[in-house]
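Student: here's my sequence, what's the structure:
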Amino acid sequence: AVAVQELREHNGALKQKVEVLGGALQERERRVLALEAELAASRAAASPKIAQVSKLLLDPGVHREFVQMREEIILARSRIKVLQEEVDSLKYSPETQQGKALMGQVQKLRMEAKTFREEAEVAHRVKQQLQQCRRSLDELTMNHQALQDYAKSLSQQLEQAQRKAAVS
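Tutor: Below is the predicted model of the structure:
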C-alpha cells in the first residue's frame, strides 16, 4: 500500500513535469513555426523577380539574416528534439530501469497478496476445525458428566442393595 502510494505520488510529479515541458515545447514549436513562416515569406519575397533574387544574393546584410535564421531554426529544432527526449523519458514505460523496478515491486506485492490469501484460507480452515473440536469437547464433557452421574446413582443403588442384604 505504501509502495502504491509512492508510485501514485511519483506519477503525479512526473505528470506535472510533462505538463511544464509540454508547455515549453509548445512555445518552442510556435517560435519555430514563426521563424519558418518568416523564412517562407522571405523566400516568397525573393522569388518573384530574378533581378531581385540576384540583388538579395549580393547583399551581405540579407545573407547574414538568412544565415542567422537558418542557425536559429537548427538550434530550435535541436532544442525541440532535446525537449521531446525529456518528455519521452518522463513517460512511464516498463522498458525503463525505473519501470522495471516498479514492475518488480508490483510482482512482489502480488506474490505477497497471494501468500496472504492462501494463509488466510488455511487460518479459516483451522478455525473451523477448532470450532468443531470445541463442539466435540463440549459434547464429550456433557457425556462424561452424564456417565459420572449415572455411575454415582449406580453406586448409591449398590450401597442400598448391600445395606438391605446385610439387614436381611
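
Student: alpha carbons only for contacts and neighbour counts from here, please
Tutor: Will do.

Student: quick one: distance of stretch 60-69 to the chain centre.
Tutor: Put simply, stretch 60-69 sits 53 Å off its chain's centre (C-alpha atoms, centre = their mean, to the nearest Å).

Student: for that stretch, buried residues please.
Tutor: Neighbour-count burial for stretch 60-69, with 16 or more other C-alpha atoms under 10 Å as criterion, is recorded at residue 69.

Student: just the C-alphas of that stretch, formatted as CSV.
Tutor: What follows is stretch 60-69 as a C-alpha-only set of coordinates in CSV (Å, rounded to 0.1, in the frame of the first residue of the first chain):
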residue,chain,number,x,y,z
PRO,A,60,25.7,40.8,-47.4
GLY,A,61,23.1,42.1,-44.8
VAL,A,62,20.4,39.9,-46.2
HIS,A,63,22.8,37.0,-46.4
ARG,A,64,23.7,37.4,-42.7
GLU,A,65,20.0,37.5,-41.8
PHE,A,66,19.4,34.3,-43.7
VAL,A,67,22.4,32.5,-42.1
GLN,A,68,21.3,33.7,-38.7
MET,A,69,17.7,32.5,-39.3
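
Student: which stretches of this structure have low pLDDT?
Tutor: Judged against pLDDT under 70, the low-scoring parts of the chain cover residues 45-59, 62, 89-96.

Student: I'm done for today, thanks for sticking with me.
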